[in-house]
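Student: Sequence and predicted model, in that order:
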Amino acid sequence: MPEHRIGTREEWQAARNELAKLEAEHAELGQKVSDQRRQLPWVAVEKEYQFDTEHGKKTLPELFDGRSQLLAYNIMFGPDYEVGACPGCSNLGDELDATRVHLEHRDVTLVCFSRAPIDRLIAYKQRMGWQFPYISTYGTEFPFDFGLALTPEQAKEIPEVKAMIDDPPGWLEDWGRQVGAKLEDGLREGPSWIAFARDDGRVYHTYTVMAPDPFVAPYHSFLLDRTPKPGPEDPRAWRKDEYPD
């Protein structure tokens, strides 16, 4: 017998109708959030940055690849990670390639950033089978200027980060082994989405959001929220080529 409550079709429909009201409210609030997000002021990027890519050095305007909008995900893969990128970020990365064609036809270029050197990003990209442009911010001030990474001094000043380093839960200790970095180094990378616009030859920073915002999660998490059973309480993630089975 299932542990979940069992009901009649009529009981299901009544409960579903109540849930539909909440979903409609949620959708309306989501639209308000989207509208307010697009009303954020744009901030001109005055500093010039050069990034290492698979095709040599590129500037921030060149990353737009001729489009007027740039959307980038910052994968947690710091220069101190000896094994590979964050498994959770890798889950999200697995789902990006299929949407690129649709974004590009809507004037959006999609890329990913990480602070590890470019040779390590290329090797990891090949391992994961990714096709999206993977950009190294190694040796630049870019991730610190835009809050995509913390300096050691900044990390010590954030109580939540310091607490996780000083007394990490078991799953976080496992995560440190998965990426091959000490937590004081590994947790300095910020899993974030960041957006830029290009207009009249200038680049503007328009938006940044960092975990634990729901947007900074693999898309399959959205699908799992619609399944009958809750996901496992264990928050750890696995790279697609490392599942125990």
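Tutor: Cool, got the structure. Numbering: from 1, shown residues only.
Student: Could you check how far the least confident helix or strand in the chain by mean pLDDT is from the centre of its chain?
Tutor: For the chain, counting by mean pLDDT, DSSP states H and E, helix 219-224 ranks last in confidence among helices and strands (a mean of 74). Computed by CA atoms, centre = their mean, to the nearest Å, the chain-centroid distance of helix 219-224 equals 14 Å.
Student: Helix or strand for Asp35, just tell me which one.
Tutor: helix 9-38 (DSSP states H and E).
Student: and if you look at Arg120?
Tutor: Per DSSP H and E: helix 118-128 holds Arg120.
Student: The nearest residue to Gly7 once chain neighbours are set aside: neighbouring residues, count only.
Tutor: Of all residues not flanking Gly7 in the chain, Ala15 sits nearest, at 7.5 Å (CB to CB, 6 or more residues apart in numbering). No exception for glycine: its C-beta is placed from N, CA and C like everyone else's. For Ala15, the neighbour count with other CB atoms under 10 Å is 12.
Student: same question, Ile165
Tutor: 20.
Student: Pass me the low-pLDDT residue ranges in this protein, would you?
Tutor: The chain contains residues with pLDDT under 70 at 1-2, 213-216, 219, 231-235.
Student: quick one, helices of it?
Tutor: 9-38, 60-63, 87-93, 97-104, 118-128, 142-145, 152-157, 159-166, 170-179, 183-186, 219-224 (DSSP state H).
Student: where does the longest one sit relative to the chain's centre, distance-wise?
Tutor: This points to helix 9-38. Distance of helix 9-38 from its chain centroid, counting by CA atoms, centre = their mean, is 25 Å.
Student: follow-up on the earlier one: point out the other helices and strands that the helix holding Arg120 packs with.
Tutor: Judged by 3 or more CB pairs under 8 Å, 6 or more residues apart in numbering; DSSP states H and E, helix 118-128 is in contact with strand 134-136.
Student: who touches the strand it packs on?
Tutor: Residues outside strand 134-136 that contact it (CB atoms under 8 Å, 6 or more residues apart in numbering) are 51-54, 58, 63, 72, 111-118, 121-122, 124-125.
Student: same check, this time on stretch 37-45
Tutor: Taking CB under 8 Å, 6+ apart as the rule, stretch 37-45 contacts Leu60, Phe196, Ala197, Arg202, Val203, Tyr204, His205, Thr206, Tyr207.
Student: how about the nearest residue to the last one, chain neighbours excluded?
Tutor: What it means is Tyr207. Ala195 (4.2 Å).
Student: repeat for Arg100
Tutor: Nearest one to Arg100, counting by CB to CB, 6+ apart, is Leu110 at 5.2 Å.
Student: Can you get me a residue count around that neighbour?
Tutor: Applying other CB under 10 Å, we find 21 residues neighbouring Leu110.
Student: next one: Gln126
Tutor: Using other CB under 10 Å, Gln126 is surrounded by 9 other residues.
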